[in-house]
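In: Sequence first, predicted model second:
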Amino acid sequence: MEEQFILRVPPSVAERIDRLLNESGSESMDLSFSEDGRSGAFIIGEDHFPASLLDLPCIVESYKTYDDNVLIKTADVGQMIMVRDDGDPPPEVVVEHRHGLTPPMRDARRRRFRREPDLNPELVRRVEKDLLNIMNGGTAENFDILSYCQIYFIC
């Protein structure tokens, strides 16, 4: 079983990571989060960069190939770790990244998914109570029985 994550970093940090992976240098990388589990720090060498864990607007599938011909699905990724430069502002208070990973997914939640319906909380509680009564062998309260008659005309 593989564990995968998406790490989005600024271009300057990406160059350092690429150099670190290609060379056998003495620099190390570390990622640590605070108690809230959403904010933390990405450490490369002696430099600390602020990081945030953000939910993606939809699940991203990850694939692997052994022979450059057949793709095998290896994971479903639903979160992304975003590393920022020290001067960059932190993401909004929300925990979801609005724009996905690619330009076509820009503002995807608003454009592609339907909105949640506005429900009256009192109505939801009443229906839930009625359903629990019915499941326990009782009857629902405050219901109306409507009867419909069908009249067929034969010519």
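Out: Thanks, I have the structure now. Numbers count the residues shown, from 1 in each chain.
In: what's the longest strand in the chain?
Out: Counting residues, the longest strand found in the chain (DSSP state E) is strand 47-65.
In: all strands for this protein, in order.
Out: Using DSSP E, the strands of the chain run over 6-8, 29-33, 39-44, 47-65, 71-83.
In: Give me the mean pLDDT for the fourth one.
Out: Strand 47-65 shows a mean pLDDT of 89.
In: Go through this protein and flag its longest helix.
Out: With secondary structure taken from DSSP state H, the chain has its longest helix at helix 121-135.
In: Buried residues in that helix, which are they?
Out: Burial within helix 121-135, assessed by neighbour count using 16 or more other CB atoms under 10 Å, is assigned to residue 130. Yep, even glycine has a C-beta here, placed from its N, CA and C like the rest.
In: follow-up on the earlier one: and of the strands of the chain, who's closest to residue 19?
Out: If you check each of these against residue 19 by CB to CB, strand 39-44 wins as the nearest, at 10.1 Å.
In: what lines up beside the closest one in the sheet?
Out: strand 29-33 (antiparallel), strand 47-65 (antiparallel) (DSSP bridges).
In: Report the buried residues of the longest strand of the chain.
Out: 49-54, 56-57, 60.
In: Report the inter-axis angle for it versus strand 71-83.
Out: Strand 47-65 runs at 170 degrees relative to strand 71-83, counting by axes from the mean of the first three to the mean of the last three CA atoms, to 10 degrees.
In: by contact count, what packs against the lowest-mean-pLDDT helix or strand in the chain?
Out: In the chain, the helix or strand scored least confidently by mean pLDDT, DSSP states H and E is helix 108-112, which has a mean of 75. Packing partners of helix 108-112 (3 or more CB pairs under 8 Å, 6 or more residues apart in numbering; DSSP states H and E): strand 47-65.
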